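Visitor: structure for the following, please:
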Amino acid sequence: MKRALSALALAATAAACSQGQARPATAPAQQNAPQRPADAFPSTYRPLPSVPTLIRGGTVMTAAGQVIPNGQVLMVDGRIAAVGQTVEAPANAVVVDATGKWVTPGIIDTHSHLGAYASPGVQAHSDGNEATSPNTAEVWVEHSVWPQDPGFTRALEGGITSLQILPGSANLFGGRSVTLKNVPSRTVQGMKFPGAPYGLKIACGENPKRVYGNRGGPSTRMGNVAGYRSAWIRAADYRRRMDAAGSNGANAPTRDLELETLAGVLRGDILVHNHCYRADEMAQMIDISHEFGFRIRSFHHGVEAYKIRDLMVRDSISGSLWADWWGFKMEALDFTRANIAMVHQAGARAIVHSDDPTGIQKLNQEAAKAIEAGREAGIEVSENDALRWLTANPAWALGIQDQVGTLEPGKMADVVIWSHNPFSVYARADRVYIDGALLFDRFDPSRQPRTDFEVGLFPREASND
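Guide: Sure thing, here's the model as predicted:
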């Protein structure tokens with residue numbers, strides 16, 4: 001009888017494999033450089049064991065400009081070793097026949113709340129919004145993430161290999177985000193994508209003024225903007241005083257977690273992810289970024305992104321967008337289903353995101369809807385370009401584009417084998433590899449990880465094999 005690996009069993013394996021491994025060396029501090037706090041919660045992620053693997057016979061979509069019929073992908077030591085029509089594989093490589101299937105990079109979701117709003121969806125698991133102040137830049141969402149959330153394994157079954165977990169959108173400044181590898185782990189640190197920069201969640205529009213309108217404000221959009229600007233003024237002063245203190249920390253201000261995060265944005269160390277629907281508000285947020293000298297990495301939801309797509313191109317701002325979610329509140333009304341295609345056509349980085357524990361399981365189908373909507377509007381989008389909406393572009397938005405997002409030699413071997421064209425409604429992820437390790441196999445119950453939470457509630461029935 002085969003049994004599915006529990007999440008903690010897999011995590012323990014990874015931990016055992018990392019015993020004796022030294023932490024990566026840190027770069028020497030520059031003389032007189034301002035003192036910056038070390039990461040108090042560093043990644044402890046270690047790839048699960050893998051073997052050299054050759055995937056051959058499938059249609060390989062690299063998301064780097066190539067579609068290779070009957071192609072081959074070689075994974076060695078957790079990395080993409082070669083991609084092409086034919087590649088030379090070591091004699092001990094495991095050969096996977098992907099004839100009639102499609103091979104792509106792993107899907108990356110820039111907007112998820114898995115773990116912070118874990119399943120089952122009860123109040124005890126509602127840890128995504130610290131709705132106690134309009135500015136909670138001091139909180140880090142990773143401290144709310146529950147690795148046992150069954151949503152992670154459901155997302156894995158949909159081909160999700162990396163994802164950004166964000167705080168909610170109740171506050172002007174919601175706190176730090178974290179980018180995770182979608183692997184079983186005992187701790188969130190064991191999932192943290194090595195070297196990925198932190199993000200900062202900022203929210204515009206209706207949510208903050210609705211939450212705080214009767215609690216001291218802001219109660220208007222102008223109050224929102226005043227709140228952003230006041231915070232950035234304080235952060236700029238904090239940064240100036242920290243920089244003036246130098247490497248010895250003399251006369252440095254008392255450490256402030258809120259201002260530390262905002263100053264990290266001003267230094268370019270933390271990436272801004274901005275929940276914003278209306279075009280006029282997105283334009284105002286761009287003005288604020290110019291006023292204080294930071295950059296917005298991605299507008300999230302952006303129902304009216306098509307109206308400011310030229311501004312997004314000018315400022316290199318990506319759009320983390322829905323295929324067809326709209327109309328659920330006033331700021332989400334002025335929508336076109338061609339939104340993603342129009343942003344793409346303009347030359348901005350379009351991204352299909354989920355913001356939903358069910359939607360994350362079928363982002364490939366969401367992208368397919370956006371392709372068709374574009375075609376209906378007269379915008380032709382190739383499937384290889386659309387694949388970048390799910391892989392390369394989100395990798396850029398999260399600052400991990402040098403590691404994942406395309407099938408190119410040297411990158412992490414995060415790979416999905418699909419049963420059909422990934423933009424088909426019939427497509428299902430047959431196999432999902434993360435750093436070359438087979439994490440999910442649709443045909444092998446022993447490669448269908450389940451969280452310990454699930455194992456305790458729903459023991460799998462014994463099979464006859």
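
Visitor: every contact and neighbour count from this point should use C-alpha atoms.
Guide: Noted.

Visitor: determine the longest helix present in the chain.
Guide: What stands out as the longest helix in the chain, according to DSSP state H, is helix 221-245.

Visitor: quick check: mean pLDDT of that helix?
Guide: For helix 221-245, the mean pLDDT works out to 97.

Visitor: list the helices and strands it packs on?
Guide: When contacts are defined as 3 or more Cα pairs under 8 Å, 6 or more residues apart in numbering; DSSP states H and E, helix 221-245 sits against helix 206-212, helix 257-267, helix 279-292.

Visitor: need those helices in CSV (columns: mean pLDDT and mean neighbour count).
Guide: Converted to CSV, the helices and strands packed on helix 221-245 look like this (pLDDT from 0 to 100; neighbours: other Cα atoms under 10 Å):
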stretch, mean pLDDT, mean neighbour count
helix 206-212, 98, 20
helix 257-267, 98, 20
helix 279-292, 98, 16
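
Visitor: to Leu439, which of those lies closest?
Guide: The closest of the helices and strands packed on helix 221-245 to Leu439 is helix 257-267. By Cα to Cα, the value is 34.0 Å.

Visitor: so how far is that closest one from its chain's centroid?
Guide: 21 Å (Cα atoms, centre = their mean, to the nearest Å).

Visitor: where along the stretch 251-400 of the chain do the helices fall?
Guide: For the stretch 251-400 of the chain, the helices defined by DSSP state H, counting those that start in this stretch occupy 257-267, 279-292, 309-314, 339-346, 363-376, 383-388, 392-397.

Visitor: tilt between the fifth one and helix 339-346?
Guide: Using axes from the mean of the first three to the mean of the last three Cα atoms, to 10 degrees, one finds that helix 363-376 and helix 339-346 are set 70 degrees apart in direction.

Visitor: same for helix 363-376, what does it pack against?
Guide: Right, helix 363-376 is packed against helix 339-346, strand 350-352, helix 383-388 by 3+ Cα pairs under 8 Å, 6+ apart.

Visitor: and the first one, average pLDDT?
Guide: What it means is helix 339-346. 98.

Visitor: try the shortest one
Guide: Per-residue confidence for strand 350-352 averages out to 98 on the pLDDT scale.

Visitor: mind giving me the packing neighbours of it?
Guide: strand 318-321, helix 339-346, helix 363-376, helix 392-397.

Visitor: for the ones you listed, give me TSV that also has mean neighbour count.
Guide: What follows is the helices and strands packed on strand 350-352, written out as TSV (neighbours: other Cα atoms under 10 Å):
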stretch	mean neighbour count
strand 318-321	30
helix 339-346	23
helix 363-376	21
helix 392-397	26
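
Visitor: Arg186 is nearest to which of these?
Guide: With Cα to Cα as the yardstick, what comes closest out of the helices and strands packed on strand 350-352 is helix 392-397 (24.9 Å).

Visitor: partner strands of the helix or strand that comes right after the closest one and their direction?
Guide: Downstream of helix 392-397, the first helix or strand assigned by DSSP states H and E is strand 415-418. Applying DSSP bridges, strand 415-418 is found paired with strand 102-105 (antiparallel), strand 429-434 (antiparallel).

Visitor: re the thing from before, of the helices and strands packed on strand 350-352, which is nearest Arg229?
Guide: Here strand 318-321 is closest among the helices and strands packed on strand 350-352 (Cα to Cα), at 22.6 Å.

Visitor: export that closest one to PDB, keeping only CA atoms.
Guide: Output of strand 318-321 as PDB, limited to C-alpha atoms (Å, rounded to 0.1, in the frame of the first residue of the first chain):
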ATOM      1  CA  SER A 318       3.500  45.600 -13.500                       C
ATOM      2  CA  GLY A 319      -0.200  44.900 -13.200                       C
ATOM      3  CA  SER A 320      -1.300  41.900 -11.100                       C
ATOM      4  CA  LEU A 321      -4.800  41.600 -12.500                       C
END
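
Visitor: and that strand, what does it pack against?
Guide: Partner elements for strand 318-321 (3+ Cα pairs under 8 Å, 6+ apart): strand 296-301, strand 350-352, helix 392-397.

Visitor: how about low-confidence regions in the stretch 1-150 of the chain?
Guide: For the stretch 1-150 of the chain, applying pLDDT under 70 flags the ranges 1-36.

Visitor: all strands of it, in order?
Guide: 53-61, 67-76, 79-84, 94-97, 102-105, 107-112 (DSSP state E, counting those that start in this stretch).

Visitor: now render the ones you listed as JSON lines, adding mean neighbour count and distance to Asn182.
Guide: Listed next are the strands of the stretch 1-150 of the chain as JSON lines, based on neighbours: other Cα atoms under 10 Å; distance: least, Cα to Cα, whole Å:
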{"stretch": "strand 53-61", "mean neighbour count": "24", "distance to Asn182": "20"}
{"stretch": "strand 67-76", "mean neighbour count": "23", "distance to Asn182": "18"}
{"stretch": "strand 79-84", "mean neighbour count": "22", "distance to Asn182": "16"}
{"stretch": "strand 94-97", "mean neighbour count": "14", "distance to Asn182": "22"}
{"stretch": "strand 102-105", "mean neighbour count": "29", "distance to Asn182": "14"}
{"stretch": "strand 107-112", "mean neighbour count": "28", "distance to Asn182": "10"}
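
Visitor: reformat those as JSON lines; add distance to Ser230.
Guide: Formatted as JSON lines, those follow (distance: least, Cα to Cα, whole Å):
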{"stretch": "strand 53-61", "distance to Ser230": "47"}
{"stretch": "strand 67-76", "distance to Ser230": "49"}
{"stretch": "strand 79-84", "distance to Ser230": "45"}
{"stretch": "strand 94-97", "distance to Ser230": "57"}
{"stretch": "strand 102-105", "distance to Ser230": "42"}
{"stretch": "strand 107-112", "distance to Ser230": "27"}
